[in-house]
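Enquirer: Any chance you can model this:
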Amino acid sequence: MLKVPSLEDDGAGPWIFFPFAAFCSKVFIQSDVLDVALEMRNQFDSLPHVLKHIDEIESSMLCDSEGWLLNNPMGKRTEREIHAEFEGAKIYRRVYQKQAQKALG
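Expert: Okay, here's the model as predicted:
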């Protein structure tokens, strides 16, 4: 299980739990709110031994100069995404690749 502390975390919690982390190889995050997107990016970027940003691995994933994906890699936009883009908002997206864990012992 991958644990990512929130920015307000004092060591005791709260924690964001990713019970699926043992099974998935990629994590996709997105928001149309820059502050939220930056908070998520900072949390995931703080775990380079666990997660690597996709632009370091797959050159086919086009990103802007700040590392935000230019397109939705899921191929289907959410209702919020459609509405936000209609209103002229930018969608901030990132994909991370889970790193292989070294066997203990």
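
Enquirer: ok, now which ones touch the spatially most central residue of the chain?
Expert: Closest residue to the average C-alpha location of the chain: residue 29 at 3.8 Å, with CA atoms, centre = their mean. When the contact criterion is CB atoms under 8 Å, 6 or more residues apart in numbering, the partners of residue 29 are 37, 40-41, 44, 93-96. (Glycine included, C-beta is placed from N, CA and C.)

Enquirer: next one: residue 67
Expert: Residues in contact with residue 67, defined by CB under 8 Å, 6+ apart, are 41, 53, 55, 94.

Enquirer: one step back: mind checking how far the residue nearest to the centre of the chain is from residue 64?
Expert: Residue 29 sits 15 Å away from residue 64, going by CB to CB, to the nearest Å.

Enquirer: Please apply the same query to residue 93.
Expert: Counting by CB to CB, the separation of residue 93 from residue 64 is 10 Å.

Enquirer: okay, these two: which has more neighbours?
Expert: Here residue 93 and residue 64 are compared on neighbour count by other CB atoms under 10 Å; more neighbours surround residue 93, at 22 against 11.

Enquirer: counting contacts, what elements does the helix or strand in which the more buried one is found pack onto?
Expert: Residue 93 belongs to strand 92-98 when assigned by DSSP states H and E. For strand 92-98, the packing partners by 3 or more CB pairs under 8 Å, 6 or more residues apart in numbering; DSSP states H and E come out as strand 26-31, helix 34-45, strand 51-53.

Enquirer: In contact with residue 94, which residues are there?
Expert: With CB under 8 Å, 6+ apart as the criterion, the residues that contact residue 94 are 28-30, 37, 40-41, 44, 53-54, 67-69.

Enquirer: which one in these is the model shakiest on?
Expert: Lowest-confidence member of those: residue 54, scoring 85 (pLDDT).

Enquirer: Please report how far it lies from residue 84.
Expert: When CB to CB is applied, the distance between residue 54 and residue 84 equals 22 Å.
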